[in-house]
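A.B. asks: Pasted the sequence and its predicted model underneath.
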Amino acid sequence: RMETDYNPMELPNNTGFEEDSDYRDFEGTDVKDMRLEAEAVVNDVLFAVSNMFVSKTLPCAEDVAYINVETREGNKYCLELTEAGLRVVAYDFDQTDDRLQTPYHETVYSLLDSLSPAYREVFGNAILQRLEALKKESQS
């Protein structure tokens, strides 16, 4: 019988999935609940639009949620939120139109930027005000 320099049973078990690892509860958990994600999107940009809320009529699921938005120009949209991003699915609240082939946007900012010049202005002004405040803080 040949002698070996090591015993495979003595090797450290560094798989990264140890008992105290962040992954121990991974099975059976929702990777991302889109309703929560949609609420966060709404809270982020509500100040820069006339109205925005997660649809209560269209079904939300782990992988999709719908957001109604009315721009400051008065245009209404229904947005679909998925892992792919956000896109317009109808030109009214709580609707989807399968014939619409609108592009996905990675962020709500770029989507609203493309739809609403007033959003762009309000959002830009908010950023400028925040920068001015930071500048004042750093000077004091």
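C.D. replies: Structure's in. What do you need? Residues are numbered from 1 along each chain as shown.
A.B. asks: And the helices in the protein?
C.D. replies: Along the chain, the segments classed as helices by DSSP state H run 34-45, 108-115, 117-139.
A.B. asks: from these, which stretch is densest packed?
C.D. replies: Of all the helices of the chain, helix 108-115 carries the top mean neighbour count, a mean of 19, counting by mean count of other C-beta atoms under 10 Å. Where C-beta positions appear, they are placed from N, C-alpha and C, glycine not excepted.
A.B. asks: So what touches that helix?
C.D. replies: 41, 44-45, 48-49, 69, 71, 75, 77, 79, 85-88, 105, 119-120, 123 (C-beta atoms under 8 Å, 6 or more residues apart in numbering).
A.B. asks: Please tell me how far it is from the chain's geometric centre.
C.D. replies: Using C-alpha atoms, centre = their mean, to the nearest Å, the distance from the centre of helix 108-115 to the centre of the chain it belongs to is 13 Å.
A.B. asks: can you tell me which residues contact Gly74?
C.D. replies: Contacts of Gly74 were listed using C-beta under 8 Å, 6+ apart, and they are Ser50.
A.B. asks: I'd like the distance between it and Val49.
C.D. replies: The spacing between Gly74 and Val49, counted by C-beta to C-beta, to the nearest Å, is 11 Å.
A.B. asks: cool, Tyr66 as well?
C.D. replies: From Tyr66 over to Val49 (counting by C-beta to C-beta), the distance is 16 Å.
A.B. asks: Quote the end-to-end distance of stretch 71-79.
C.D. replies: Start and end residues of stretch 71-79 are separated by 12 Å (C-alpha to C-alpha, to the nearest Å).
A.B. asks: Check stretch 49-69 too.
C.D. replies: Length of stretch 49-69, first residue to last, C-alpha to C-alpha: 7 Å.
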